[in-house]
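Participant: starting from these lines, generate the structure:
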Amino acid sequence: MRACLAALCLSLSLGLGQQAQTQPERVVVLGGSVTEIVYDLGQEGRLVAGDQSSIHPPAALKLPRVGYYRSVPIEGVIAMRPDLVLASENAGPQKTLQRLSQLGIEVDVVSDAPSIESLYKRIEQIAGRLRVPGEGEKLIAQVRAEVQAAQAQAAPSRRALVLLNRTGPLMAAGSGTAADAVLTLAGLKNVLESQQGYKPISAEGLAALSPELIVISRASLDASGGMEKFRSGAGIASTPAAREGRVLAMDDLLILGLGPRVGQAIHELKEAAK
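Facilitator: Numbering: from 1, shown residues only. Take a look at the predicted model:
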C-alpha cells in the first residue's frame with residue numbers, strides 16, 4: 001500500500017514538474033506595459049488577447065480585447081481559452097484573478113509599481129515565465145542604456161505638471177504615480193508632488209501651481225478638443241507653460257505607464273523643457 005502511495009506521489013510530482021516547464025502558447029496580457037514587454041521580447045506570437053490599455057506597438061491594437069485591466073470581466077478572459085494570463089499587479093478586481101486561478105487558468109502577476117526598478121523586475125519576470133530569460137537580460141540592458149543616454153541630455157529643470165482628461169474635469173498627477181516617476185527621471189519637478197495620486201484640478205488651481213511645462217496625454221488632448229482649444233482653456237492659458245509654448249502632448253503609455261520606452265519619454269520631456 002505504502003509502495004503504491006509512494007509511486008502515485010512520484011507520478012504526481014513528475015507531472016506537476018512537467019506542467020510547470022510547459023511553454024505557454026495562449027497568453028492574455030493585462031496592462032499596457034506588460035503587452036509592450038512581450039512584443040519587445042519577440043514573443044507576440046503567443047498572444048491571443050490584450051486589454052484596452054494594450055495600445056502599443058500598433059500591432060497590439062489588432063488583438064481581441066478583454067476589457068480594461070483594472071476591471072477585468074472574467075467571461076472575456078475565459079472566452080480566449082488562455083493557458084496563461086500575464087497581469088500587472090494593478091490589474092483586478094482581485095476576485096476575478098482568483099476565480100481564473102480556481103478555474104485552472106494560470107495567472108502570473110508581475111511588478112508594476114511606479115519606479116524604474118519595478119520596470120526592470122517586470123521585464124525579468126515576464127521573460128522568465130515565457131522561458132526567454134536571455135532576451136529579458138538583453139532588453140533590460142537596452143532600456144538601461146537608453147535611460148542613461150536620455151538623462152545625459154542637457155535641459156533645464158522646469159516645474160512640470162501632467163494632466164489627464166477622461167471626459168470629465170482635468171486630473172493632475174501627483175506623487176506615487178508613473179507620471180511623477182517619469183518627470184523625476186527627466187530631472188523635472190512635479191508641481192503637485194505634495195499630493196498623492198491623481199487629483200481633480202480647477203482653473204484656479206492650475207494658475208496657482210504656475211507650471212513651466214504642461215504634459216497631457218494624446219488621448220486626453222483629443223478629449224479636450226485639440227491643442228489650440230486646450231492651450232486657450234481656462235487656467236491653462238495663464239500658465240507660464242502656455243505663454244512660453246511648453247505644452248507637450250505625449251503618447252499615453254509613454255507618460256502614464258513607465259514601460260520599456262521610458263528612455264524615449266525622458267528624451268521628449270527634456271526636449272520640451274528647453
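
Participant: show me the contact partners of the helix or strand containing E268.
Facilitator: E268 belongs to helix 262-273 when elements are defined using DSSP states H and E. Contact partners of helix 262-273, identified using Cβ atoms under 8 Å, 6 or more residues apart in numbering, comprise 116, 119, 143, 145-147, 149-151, 153, 155-158, 160, 182-183, 185-188, 212-213, 215, 246, 248, 250, 254-255. Heads up, the C-betas are built off the backbone N, CA and C, glycines and all.

Participant: just the buried members of those?
Facilitator: 116, 119, 143, 146-147, 150, 155, 158, 160, 182-183, 185-188, 212-213, 215, 246, 248, 250, 254-255 (16 or more other Cβ atoms under 10 Å).

Participant: name the element G104 belongs to?
Facilitator: Counting by DSSP H and E, G104 is part of no helix or strand.

Participant: what's the local residue count around it?
Facilitator: Using other Cβ atoms under 10 Å, G104 has 7 other residues around it.

Participant: repeat that for Q142.
Facilitator: 14.

Participant: now do the SS call for it.
Facilitator: helix (DSSP: H, G, I helix; E, B strand; the rest coil).

Participant: ok, P240 - contacts?
Facilitator: S210, P211, E212, R246.

Participant: identify, from the residues you listed, the entry nearest to G92.
Facilitator: P211 (32.0 Å; Cβ to Cβ).

Participant: just checking, that closest one touches R243?
Facilitator: No: the pair P211 and R243 fails to qualify as a contact (Cβ atoms under 8 Å) at a distance of 11.1 Å.

Participant: I216 and G233 touch, don't they?
Facilitator: No: taking contacts as Cβ under 8 Å, I216 lies outside contact range of G233: 10.8 Å.

Participant: about what we covered before: of P211 and R243, who's got more company?
Facilitator: Using other Cβ under 10 Å, the more surrounded residue of P211 and R243 is P211, with 27 against 11.

Participant: and that one, how far is that from P240?
Facilitator: 7 Å (Cβ to Cβ, to the nearest Å).

Participant: likewise P200?
Facilitator: Remark: distance between P200 and P240 (Cβ to Cβ) = 22 Å.

Participant: A127 - nearest residue in space that isn't next to it in sequence?
Facilitator: In this structure, A127 finds its nearest non-sequential neighbour in G136, 2.5 Å apart by Cβ to Cβ, 6 or more residues apart in numbering.

Participant: how about the strands in the stretch 151-274 of the chain?
Facilitator: 159-165, 170-173, 189-190, 198-200, 213-217, 247-250 (DSSP state E, counting those that start in this stretch).

Participant: could you do the stretch 1-150 of the chain as well?
Facilitator: For the stretch 1-150 of the chain, strands defined by DSSP E, counting those that start in this stretch occupy the ranges 27-30, 47-50, 84-88, 107-110.

Participant: what residues of the second one count as buried?
Facilitator: What that stands for is strand 47-50. Buried residues in strand 47-50, counting neighbours by 16+ other Cβ under 10 Å, are found at L47, V48, A49, G50.

Participant: list the contacts of the residue positioned nearest the centre of the chain.
Facilitator: Central residue of the chain (Cα atoms, centre = their mean): G257, 3.1 Å from the mean position. Contacts for G257 (Cβ under 8 Å, 6+ apart) come out as G32, S33, E36, S53, A178.

Participant: give me the nearest residue to the third one, chain neighbours excluded.
Facilitator: Excluding the flanking residues, the one nearest E36 by Cβ to Cβ, 6+ apart is G259, at 4.8 Å.

Participant: for the one you found, what are phi and psi?
Facilitator: phi -110, psi -160 (degrees, to the nearest 10).

Participant: enumerate every residue touching it.
Facilitator: G32, S33, E36, I37, H56, L119, L253.

Participant: and the closest residue in space to the first one that isn't next to it in sequence, what pLDDT?
Facilitator: The shortest distance from G32 to any residue that is not its chain neighbour, by Cβ to Cβ, 6+ apart, is 3.8 Å, and that residue is S53. In the prediction, the pLDDT value recorded for S53 is 95.
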